[in-house]
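In: sequence and predicted structure, then a few things I'm wondering about:
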Amino acid sequence: MRVLLKASLNTEKANEVIRSGKMPQLMQEAMENIKPEAAYFTLDHGVRTCYLVFDLKDSSQMPPIGEPFFMDLDAEIDMTPVMNPEDLQKGLSQLR
């Protein structure tokens, strides 16, 4: 299932990780673990935020995906099922 992960990073914790020089390594490890089809980094309501779109094959993947954000960055996380245009067309075709 295609999922959108939104991770809002705790500012104080993220500042600490950036100052320590560990942020590039943490982000690289997350990208290698999650293998997102798309990754975006921005601010949302003044908070460092990343959006990752990836394939969640099984709900048992949720802890290994989410825990590094919780433990290393004190992040708030949302995981939401999403569709691309092809998924939407497939779903709409089933409404007839």
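Out: Yep, it's here. The structure displayed is predicted, hence computed values, not measured ones. Numbering: from 1, shown residues only.
In: run through who's touching stretch 27-46.
Out: Contacting residues not belonging to stretch 27-46 are listed as 2, 5-6, 8, 48-55, 64-65, 68-69 [Cβ atoms under 8 Å, 6 or more residues apart in numbering]. Just so you know, the C-beta spots here come from the backbone N, C-alpha and C atoms, and that holds for glycine as well.
In: bridging residues for the nearest residue to Leu9 once chain neighbours are set aside?
Out: Closest residue in space to Leu9, ignoring its immediate chain neighbours: Arg48 at 4.3 Å, by Cβ to Cβ, 6 or more residues apart in numbering. Applying DSSP bridges to Arg48 gives these bridge partners: Leu43.
In: mind listing what Arg48 touches?
Out: Neighbour list for Arg48: Ser8, Leu9, Thr11, Ala14, Phe41 [criterion: Cβ under 8 Å, 6+ apart].
In: still on that earlier bit, please flag which of the contacts of stretch 27-46 sit within strands.
Out: Using DSSP state E, the members of the contacts of stretch 27-46 that fall in strands are Arg2, Leu5, Lys6, Ser8, Arg48, Thr49, Cys50, Tyr51, Leu52, Val53, Phe54, Asp55.
In: buried among those? Make that a PyMOL selection.
Out: For selection in PyMOL, the members of these meeting the burial criterion (16 or more other Cβ atoms under 10 Å) are listed in this command:
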select buried, resi 5+6+8+48+49+50+51+52+53+54
